[in-house]
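Participant: Provide a 3D model corresponding to the input given below.
(chains A and B)
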There are 2 protein chains.
Amino acid sequence: MAETKISDQFAILKAPKGTRDRNPVQMSILENVFGVIRACFKRHDAVSIETPVFELREVLTGKYGEESKLIYDLEDQGGELLSLRYDLTVPFARYVAMNKIRNIKRFQIGKVYRRDQPAMNRGRFREFYQCDFDIAGDYGLMMADAECLRIVYEVLRDLNLGEFVIKVNHRNFLEGLFAACGVPPEKFTTTCSSVDKLDKTPWETVKHELLNEKGLSPEAVDLIGHYTQIAGGAEVLDKLEADPLLSESKIIQQTLKEMRTLVEYCEAMGIMSNLKVDLSLARGLDYYTGVIYEAVLTGFTYDGKQQQAAELAPPTTDQQIPKKSSNRKKGKGGKGKQSQAEDGEDEDVSMEGAVGSVAGGGRYDNLVNLFSPNSPAVPCVGVSFGVERLLAISEMLARRRAAAGDTSASASVRATETEVMIIVAHKGLITPRLQIAQELWDANIKTAFSHKNQPKLLDQLQYCESTGIPLAVLIGQTELERGVVKLRHISTRAEREVARTDLVSEINKELTLIRNGVYQ
Amino acid sequence: MAETKISDQFAILKAPKGTRDRNPVQMSILENVFGVIRACFKRHDAVSIETPVFELREVLTGKYGEESKLIYDLEDQGGELLSLRYDLTVPFARYVAMNKIRNIKRFQIGKVYRRDQPAMNRGRFREFYQCDFDIAGDYGLMMADAECLRIVYEVLRDLNLGEFVIKVNHRNFLEGLFAACGVPPEKFTTTCSSVDKLDKTPWETVKHELLNEKGLSPEAVDLIGHYTQIAGGAEVLDKLEADPLLSESKIIQQTLKEMRTLVEYCEAMGIMSNLKVDLSLARGLDYYTGVIYEAVLTGFTYDGKQQQAAELAPPTTDQQIPKKSSNRKKGKGGKGKQSQAEDGEDEDVSMEGAVGSVAGGGRYDNLVNLFSPNSPAVPCVGVSFGVERLLAISEMLARRRAAAGDTSASASVRATETEVMIIVAHKGLITPRLQIAQELWDANIKTAFSHKNQPKLLDQLQYCESTGIPLAVLIGQTELERGVVKLRHISTRAEREVARTDLVSEINKELTLIRNGVYQ
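Facilitator: Next up, the predicted model:
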């Protein structure tokens, strides 16, 4: 094997900018979070698919507006021109069109790639996971949309990260409202992009932008200020229905009907208390054609408890200092439903570490047909979870639980699930170690032992404590000759002799007791 | 959103060459196979880590010998030069060196990338999964090596793909043997590369190559022919020990001792009956420094049942015809422990579709120190599973089971785990559908319903049958008014009335019976 130049060794001992390795504890948390999310998707009759990490470059072309410049291209080494996927939605649409699928309810968990300016401690990476659930098919009005909202509800409920709110709006509400306010149609998108900042920017700032940068009339801006403050339950719809300024707007009246259907279905599925119709929500409008939504964790929003949020920046192995760069553009036009990396345009230091939305999505009825324009329409609605943010919060809560507990902090999140360690009380005994390990593995007991020829007793016990292994089998020559071993509880230090022949059943008994919390 | 040129629509409706999408049934099989593998790793006290899909180009430089030309480079768009990972071993070594880890037992499952000539129906892809288990640390002789072999044994046993053999050899056996045969040291690597073909090439062909292409003497070649036929259990070691030609070779005598230790440990762990010491095994020698091994499924080897193997080529969505190309180089020098894409140098049509080794690995004590030459050594041993091959075989066996069964073929491998479908007996009833769904989801019952406003009864029942949903809740207006619904077994068509209030408990009872196979 050719040798790496030694002088380069320190320069290359890092993960690429904007990416990170995940250590065993982080992997453990990830598995748990993904497990919850996957269980929810499966409870809802979803299948899963997988697409390659890169696509033909043309598949991505023209799907992301200005963001296209953030796409990673592969070098032209002959053959097809390829790019790393920018999200999971466009590959999904390609898959649906290519396989002429008329309806599918699928989830996909995978990494996506954006050559964005990273802000690692705020959860903005160049390589990050997305976790998407989408329903494609020509279905009854709001049926699939309501189920997507239920999915958001179940995932956030089951992840147990505190209170949450799912903000809901409709693209056509914004269109009708802004028209009624006197916004010229050509300024619709740019107005949306300003309004979208309201979740972390005061109205006065947005107002200033609308007046001076976007050139709207003061009357229009005041009306926008009025309407975008409206948020709440089903009563918001009553308010809009009663508004004389909107009574002539066909699009508003039609959308009101649709939204009443959505509310009815959400009531039936028991999620209205977590829903808020919020007329200031204006995400990814180039992409969406109907309902849009975004979920926030009440304890971790920009206007929420910032102290909590400030804890979110863990030490990383990557030593980069995030910098603002012209590479990071303002505004969200053409962004689609990617909730990851959507916030952070305003690098307010006081908000360092706060997370924005943790899930977002909506209806996008035209994307599949971009790939198969002559085929029947395949309307879609879906949601993407900002799992990197959910993971960052879960990791923070785990650290906090550990800090609040006793000195056995590392026991809080275990990197392994090992149940038993075979410990040698004195030197040697390699073959008995392996024989007992085989017996336990064959009984599906998760078992460790030291790979050293002569491990120290203290080191072995210490390994159990630091990695959270609850039981130890202590073996010694004289005990083995008598046909017994010692079974030891690591936490209580209680030991008892067990016949070699009963070892598996005795361990299983103890594990059952431990699982049932008898020793706590 | 800018529109894709319509003229391009058909050209881009494909996954890139050498890659594929995985459909829901394939994903289901993948989840099952990965679940078995992951469970085994966890039973052995392993942690998991994750590294980015791309690395700094320099990290990969000089690690893969001639294979380097198969690395995918990312375009230079400013900033760091990046390449897609070629395996999981080099990133693991980078991780260990970077974090100054002295010992770790980790697994990693992830996709790797090779700009190789694809042969999709033989399991050679440009994007494919690797599934690696490695033990790093300065441990007792053969302790970690033996556990890796036990891992191979457990995974292949638990995957239930028929008989298997784990071939074992030692780099130093080959070195000592070839030296004793009279092979000049400078021809060691090239001799190994010829010998390595013996698993699918007759000796006469290899002999011809050694004589005429590699230029070895007829005496040396005859001796090589003699030794490389030697394979078997521990008696192989006795045979070598008794061989007068080898009695003077220090390296052989030292390696014999090491191998006897390995055999002792493998005996203790109960895996000797699946092990074969095979002196013709000569994989990835640039990489390995000690024990090497490779596992084959007896029913799916090149010399095994080729009829089985021929079934392995499923229809793919990718329509490429695999061609032999100069891009695919001969020989394996510098290949490392990647069992994927290792075979196929000789495109013998009669062997089309056969898979080679399904796992392979060995000891590589120097790789970590390439990244940290001034740090203490971190010896490593590991195994990589050729999961794409294991998946291809699992998919074939699933198809075969389905074909052998009755007409409900699709029930054989389910794409979802859905337990109940809420079926409407006549039009409408949307709200009750959603209410009951909520109740079942909250009870953690995997539940489906039609998203159509007016689904046909037959379509709904058909959906249960085709996707394997075992139970249906039939709702009708009059029944709902009476406070009852019908619970229906899809397979037996038995129906009974159940009080709305008892629905969850009645469903759970039925699901328990179904799980226990009462209705089979």
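Participant: Quickly note the distance from the most centrally placed residue in chain A to chain B.
Facilitator: For chain A, the residue sitting closest to the mean C-alpha position, by Cα atoms, centre = their mean, is A:Val387 at 1.0 Å. For A:Val387, the distance to chain B equals 13 Å [Cβ to the nearest Cβ, to the nearest Å]. Backbone N, C-alpha and C define where each C-beta goes, glycine included.
Participant: Count the neighbours of the closest residue to A:Asp138 other than its chain neighbours for me.
Facilitator: Counting by Cβ to Cβ, 6 or more residues apart in numbering or on different chains, A:Pro379 is the residue found nearest to A:Asp138 once chain neighbours are left out, at 5.9 Å. A:Pro379 has 20 neighbouring residues, counting by other Cβ atoms under 10 Å in any protein chain shown.
Participant: confidence score at A:Pro379?
Facilitator: A:Pro379 carries a pLDDT value of 97.
Participant: Equivalent analysis for A:Lys329, please.
Facilitator: Per-residue pLDDT puts A:Lys329 at 37.
Participant: Tell me where the stretch 401-520 of chain A has helices.
Facilitator: Assigned by DSSP state H, counting those that start in this stretch, the stretch 401-520 of chain A shows helices spanning A:430-442, A:457-467, A:477-481, A:503-515.
Participant: coming back round to it: pretty sure the residue nearest to the centre of chain A contacts A:Phe133?
Facilitator: No - under the criterion of Cβ atoms under 8 Å, A:Val387 makes no contact with A:Phe133, lying 12.0 Å away.
Participant: could you pull out the helices for the stretch 201-350 of chain A?
Facilitator: A:203-208, A:218-227, A:235-242, A:250-268, A:306-310.
Participant: show me where pLDDT drops low in the stretch 251-400 of chain A?
Facilitator: A:284-285, A:302-354 (pLDDT under 70).
Participant: Any idea which residue of it lies closest to chain B?
Facilitator: The nearest approach of the stretch 251-400 of chain A to chain B comes at A:Ala268, 3.8 Å away (Cβ to the nearest Cβ).
Participant: Can you tell me the number of residues neighbouring that residue?
Facilitator: 20.
Participant: still on that earlier bit, which of the helices of the stretch 401-520 of chain A sits closest to A:Val368?
Facilitator: Ranking those by proximity to A:Val368 (Cβ to Cβ) places helix A:503-515 first, at 46.9 Å.
Participant: Can you pull the domain assignment for chain A?
Facilitator: Domain ranges of chain A: A:24-302+A:353-402, A:420-516, per the TED database.
Participant: Contact partners for the closest residue to A:Cys380 other than its chain neighbours?
Facilitator: Nearest non-adjacent residue to A:Cys380, counting by Cβ to Cβ, 6+ apart: A:Ala136, 4.6 Å away. Neighbour list for A:Ala136: A:Val96, A:Ile101, A:Asn103, A:Ile104, A:Lys105, A:Arg106, A:Val368, A:Val378, A:Pro379, A:Cys380 [criterion: Cβ atoms under 8 Å, 6 or more residues apart in numbering or on different chains].
Participant: Among those residues, which lie within strands?
Facilitator: A:Ile104, A:Lys105, A:Arg106, A:Cys380 (DSSP state E).
Participant: Name the nearest of those residues relative to A:Ala15.
Facilitator: Nearest member of the ones in strands among the contacts of A:Ala136 to A:Ala15, counting by Cβ to Cβ, is A:Arg106, at 30.5 Å.
Participant: before we move on, back to that, among the helices of the stretch 401-520 of chain A, show me which one is buried the most.
Facilitator: With neighbours defined as mean count of other Cβ atoms under 10 Å in any protein chain shown, the helices of the stretch 401-520 of chain A peak in mean count at helix A:430-442, which reaches a mean of 20.
Participant: what packs against it?
Facilitator: In terms of contact count using 3 or more Cβ pairs under 8 Å, 6 or more residues apart in numbering or on different chains; DSSP states H and E, helix A:430-442 is assigned the packing partners strand A:420-424, strand A:447-449, strand A:471-475, helix A:503-515, helix B:143-159, helix B:250-268.
Participant: if we can go back for a sec, looking at the domains of chain A, which is nearest to B:Gly290?
Facilitator: Of all the domains of chain A, domain A:420-516 sits nearest to B:Gly290, with 14.5 Å by Cβ to Cβ.
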